[in-house]
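[1] any chance you could fold what I've pasted below:
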Amino acid sequence: MSTETADPGHGHSPAAWTAVVIMLIAFTIGTFAFWFDLAWLVWASAGLLVVGLLVGWALKSAGYGVGGSKTTPKTH
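    The predicted model follows:
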């Protein structure tokens, strides 16, 4: 049995970081909007959550994902 494992990157890429930051902001806005009973803002933040997912996918497709052509591998 080999002790060597392939590191998949665990999301250390500009695409992953951008998507997560957008989605965290959306979740935070949605939480406060729910707390203050602003239904329109809750739904708007849900839309922003989907936008974060799409931005992450688009950046990954553009080469900014783990192992993408526009990223440099990180040495540990």
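[2] only C-alpha atoms for contact and neighbour calcs from this point on.
    Noted.
[3] which ones are touching residue 42?
    With contact set as Cα atoms under 8 Å, 6 or more residues apart in numbering, residue 42 has these partners: 29-31, 33-34.
[4] to which secondary structure element is it assigned?
    The secondary structure element spanning residue 42 is helix 39-59 (assigned by DSSP states H and E).
[5] for that helix, buried residues please.
    Applying a neighbour-count criterion of 16 or more other Cα atoms under 10 Å, one finds 41-42, 45-46, 48-53, 55-57, 59 buried in helix 39-59.
[6] what's the answer for stretch 55-74, then?
    By neighbour count on 16+ other Cα under 10 Å, the buried set for stretch 55-74 is 55-57, 59-60, 63-68.
[7] re earlier: any idea of the mean pLDDT for the helix holding residue 42?
    The predicted model assigns helix 39-59 a mean pLDDT of 98.
[8] show me how far that helix is from its chain's centre.
    With Cα atoms, centre = their mean, to the nearest Å as the basis, helix 39-59 stands 11 Å off its chain's centre.
[9] need the CA coordinates for it. CSV is fine.
    Extracted in CSV, the C-alpha atoms of helix 39-59 (Å, rounded to 0.1, in the frame of the first residue of the first chain):
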residue,chain,number,x,y,z
ALA,A,39,-38.6,39.1,2.8
TRP,A,40,-37.5,40.8,-0.4
LEU,A,41,-33.9,41.1,0.9
VAL,A,42,-33.9,37.4,1.9
TRP,A,43,-34.8,36.4,-1.6
ALA,A,44,-32.3,38.9,-3.1
SER,A,45,-29.6,37.3,-0.9
ALA,A,46,-30.7,33.9,-2.1
GLY,A,47,-30.2,35.1,-5.6
LEU,A,48,-26.7,36.5,-4.7
LEU,A,49,-25.9,33.0,-3.3
VAL,A,50,-26.6,31.5,-6.7
VAL,A,51,-24.5,34.3,-8.4
GLY,A,52,-21.6,33.2,-6.1
LEU,A,53,-22.0,29.6,-7.3
LEU,A,54,-22.1,30.7,-11.0
VAL,A,55,-19.1,33.0,-10.5
GLY,A,56,-17.1,30.2,-9.0
TRP,A,57,-18.0,27.9,-11.9
ALA,A,58,-17.2,30.6,-14.5
LEU,A,59,-13.8,31.3,-13.0
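[10] thanks a lot, catch you later.
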